[in-house]
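Participant: Output the structure for:
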Amino acid sequence: MTAGAEDQGSEETPPARVRFARSAPPDELPPELHEQVAAAARRARELASHGRELHFTPGGSGRIVVEVRNLDGTVVGVLSGAEALDVISGGELRL
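Facilitator: From the prediction side, this is the model:
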């Protein structure tokens with residue numbers, strides 16, 4: 001086995017957000033989702049104006065880990081799924 005062949009097997013699967021971006025470009029979203037996408041973008045900008053962002057990563061057993069990060073990427077906390085949904089819906093981020 002060559003060094004190149006070994007490297008091919010060790011490549012990581014791209015993050016879920018990359019796969020979703022490829023499978024549903026914005027111009028192909030159902031019309032009813034356009035306002036929801038716009039609302040999510042507004043909320044992301046609002047969090048960013050306070051120096052925060054939510055970062056979603058796959059966890060064990062099919063769960064999603066929701067990290068609260070500073071804009072430099074430093075993790076400042078972790079949210080439960082219910083807490084993340086509350087924050088995404090406009091609830092206060094208490095960190």
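
Participant: so how far is the longest helix seen in the chain off the chain centroid?
Facilitator: Across the chain, the helix with the greatest residue count (assigned by DSSP state H) is helix 31-49. Distance, stretch centre to chain centre, for helix 31-49: 13 Å (CA atoms, centre = their mean, to the nearest Å).

Participant: Same question for stretch 83-90.
Facilitator: When distances are taken as CA atoms, centre = their mean, stretch 83-90 is centred 13 Å away from the chain's centroid.

Participant: got a list of contacts for it?
Facilitator: Ala40, Arg43, Leu47, Leu54, Phe56, Val66, Leu79, Leu93 (CB atoms under 8 Å, 6 or more residues apart in numbering). For every residue, glycine as well, the C-beta is placed using N, CA and C.

Participant: out of the residues you listed, which are buried?
Facilitator: The neighbour count (16 or more other CB atoms under 10 Å) marks Arg43, Leu47, Leu54, Val66, Leu79, Leu93 as buried among these.

Participant: As CSV, the contacts of stretch 83-90 with distance to Asp72 and pLDDT would be great.
Facilitator: Below are the contacts of stretch 83-90 laid out as CSV (distance: CB to CB, whole Å; pLDDT from 0 to 100):
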residue, distance to Asp72, pLDDT
Ala40, 22, 89
Arg43, 20, 94
Leu47, 14, 95
Leu54, 15, 95
Phe56, 18, 93
Val66, 18, 95
Leu79, 19, 96
Leu93, 17, 92
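
Participant: I'd like those laid out as CSV, including distance to Glu32.
Facilitator: Converted to CSV, the contacts of stretch 83-90 look like this (distance: CB to CB, whole Å):
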residue, distance to Glu32
Ala40, 14
Arg43, 18
Leu47, 24
Leu54, 23
Phe56, 22
Val66, 25
Leu79, 27
Leu93, 27
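
Participant: Tell me the one of the residues you listed nearest Pro31?
Facilitator: Within the contacts of stretch 83-90, proximity to Pro31 (CB to CB) peaks at Ala40, which comes in at 15.9 Å.

Participant: Okay, the residue positioned nearest the centre of the chain and Ala40: tell me how far apart.
Facilitator: Geometric centre of the chain, nearest residue: Phe56, 3.6 Å, by CA atoms, centre = their mean. Here Phe56 is placed at a distance of 12 Å from Ala40 (CB to CB, to the nearest Å).
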